[in-house]
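> Below are the sequence and a predicted model for it; my questions follow.
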Amino acid sequence: MKGTDISPMKVTDMSTIVFGSRPITIEDVDAIARQSVEVKLSDNEVFVKRIHRGQQTLLKLINDGHIIYGVNTGYGNSCTVNITKDLISELPSHLVRFHCTGLGTNFDPQETRALLTARLVSLTKGFSAVRLELLTQLVTLIQMDILPCVPQEGSVGASGDLTPLSYVAAVLCGERDVLYKGKIQPTHEVFQELKIEPLRLVPKEGLALMNGTSVMTGLACLAFTRAQTLSQLCTRMTSLAVASLKGNTFHYDATLFSVKDHLGQQLVARRIRQDLEIPDAPSDYSKVARIQDRYSLRCSPHIIGVLEDAFPFFRNLIETELNSANDNPIIDVETERVFHGGMFYGGHISFAMDSLKILVANLADLMDRQMALLVDPNYNNGLPANLSGVNGPRAAINHGLKALQIGMSAWTAEALKLTMPASVFSRSTESHNQDKVSMGTISARDCIRVLELTEQVAAGLLVALRQATTLREFQPIGGHGFNFSSDTSTFLESMNQNIQFITEDIPIEPILRHLLTVIRNQGFKLYDIEQGN
């Protein structure tokens, strides 16, 4: 069975992403979620013809008397129940309505755009027997930023994301609620205002919309890009922590790292060397005050590097799932055959998200340990306790970053607690039809939460490094044996512009919230992404 893809392109090559013309990348999904590109549906004749053939093939199979799951049978364990021809047309709307059982908070706008994008990508593969009108309606939702209100809780990750995607299907039909222009409104009112005609789903379209992995996959795309940013930010902050603590530069020597060929580990060490313009390791260590720094400095490439080495593997899993037909049944228009299986199973995304959240939580733990060194005069090589910026008599009543360290410890502990893999908590459900499930959406949601907490830890460490670098009175070329690269100096300037130096005690929360916005909007210039990541 052949799809309609051509070779992939990067999002930077265009201002408009065309669905149905090429494979979609993680960066494409992220750009759509951030509303930094426009979208449209391909009008290529081959693509359009293939989509039309899907529904035509399905109707022919029905008329020829074929039994097709979810088209002329009941759903799930009710697959042995035959649906009479006069009821087939009503079946899709029943699927959409009885799955309206979601609870919890709704996915935020970026997450909702990502899951809409992921579902659209899958349906444009041409194996789902949906009409062109349905694809066009999905594109309209993205173009006009009409966002279904999708509760986060209620998916076991197989048969796909049934419950959350039912909210997408319902909105296409003019039902339930949407977020439009910052307000939650009934879908039918928004459609009336914009003169959008609600769809009436035809056979197979309810399953095609709902019986897939698009919620977990959309979240996975966003998680991947956020993790990339955190990996780079953690590396740059490690460089500044080494400088602030007067650490040993020879721990990152190129020859040292050549003996262990983990490319991600070598990449992180190289970035630190470049940040601090580190020379070759000395041949004589007799004048070194402490020959080995603590692990949170010395072993940082070995910690961050695991994540960097895992990125290509995660990318392959996520983008393969993203560019797949992942519903059931599969309709092959070339051979006019139906295939019943389990393409909706989210095992690969579940594994990727369970693994990614562990690696990201390790970044939180690393940054928390670096913070502990920076604020403690027993370990920070002459910096004031709690990095307080006050001297003289008033120093006694000022406490610097004491409470910030407590907060960072709490955020780190919560991130580490959430690293228990969700994929191992499969529950048999739906009359034991779904007796082994992926829990992929729970894995992805957990991963997003771990990322949020780790970004909070990163924001706290940025405040600490602002204090520490200023207290050391570093300049672009400092007097402490560290020559900052131009990129590192630019980062320092940006850091100082975004964070005030704290003397007298002040509420730090507003600074942290501002920094979270900067981090999540990729506002700090970091490193170029290495090919393959």
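Sure, I can see it. Computed from a predicted structure; not experimentally measured.

> so where is this structure shaky, pLDDT-wise?
Counting by pLDDT under 70, the chain shows low-confidence ranges at 1-14, 474-481, 530-533.

> ranges for the strands of the stretch 51-200 of the chain?
Here the stretch 51-200 of the chain has its strands, by DSSP state E, counting those that start in this stretch, at 103-106, 147-148, 151-153, 177-180, 183-186.

> would you turn those strands into a markdown table with distance to residue 260 and mean neighbour count?
Where C-beta positions appear, they are placed from N, C-alpha and C, glycine not excepted. Shown next, in a markdown table, are the strands of the stretch 51-200 of the chain (distance: least, Cβ to Cβ, whole Å; neighbours: other Cβ atoms under 10 Å):
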| stretch | distance to residue 260 | mean neighbour count |
| --- | --- | --- |
| strand 103-106 | 44 | 12 |
| strand 147-148 | 47 | 25 |
| strand 151-153 | 41 | 17 |
| strand 177-180 | 49 | 21 |
| strand 183-186 | 53 | 12 |
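
> just so I know, which of those lies nearest residue 356?
Residue 356 lies closest, by Cβ to Cβ, to one member of the strands of the stretch 51-200 of the chain: strand 151-153, at 18.1 Å.

> hmm, back to that, between the strands of the stretch 51-200 of the chain, which gets nearest to residue 59?
Among the strands of the stretch 51-200 of the chain, the nearest to residue 59 by Cβ to Cβ is strand 147-148 (28.0 Å).

> What is the closest one packed up against?
Contacts defined by 3 or more Cβ pairs under 8 Å, 6 or more residues apart in numbering; DSSP states H and E place strand 147-148 against helix 109-123, helix 162-172, strand 177-180.

> Make CSV from the ones you listed and add distance to residue 51 to it.
Shown next, in CSV, are the helices and strands packed on strand 147-148 (distance: least, Cβ to Cβ, whole Å):
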stretch, distance to residue 51
helix 109-123, 9
helix 162-172, 16
strand 177-180, 25
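
> Figure out which of the ones you listed is closest to residue 503.
Nearest of the helices and strands packed on strand 147-148 (Cβ to Cβ): helix 109-123, 36.9 Å.

> Go through the closest one and flag the buried ones.
Of all the residues in helix 109-123, those buried under the rule 16 or more other Cβ atoms under 10 Å are 110-123.

> swap in stretch 152-161?
Going by neighbour count (16+ other Cβ under 10 Å), the buried part of stretch 152-161 is 152, 154, 155, 156, 157, 158, 159, 160, 161.

> before we move on, the earlier item: looking at the helices and strands packed on strand 147-148, which is closest to residue 335?
Closest approach to residue 335 among these is made by helix 109-123 (19.8 Å; Cβ to Cβ).

> May I see the buried residues of stretch 124-138?
Buried-residue list, stretch 124-138, by 16+ other Cβ under 10 Å: 124-135, 137-138.

> And that stretch, end to end?
The distance separating the two terminal residues of stretch 124-138, taken as Cα to Cα, to the nearest Å, comes to 11 Å.

> How about the secondary structure of the residue in the chain sticking out farthest from the centre?
Most distant residue from the mean C-alpha position of the chain: residue 393, 48.2 Å away (Cα atoms, centre = their mean). Of the three states, residue 393 takes helix under DSSP: H, G, I helix; E, B strand; the rest coil.

> What distance do you get for it to residue 405?
Going from residue 393 to residue 405 by Cβ to Cβ, to the nearest Å gives 24 Å.
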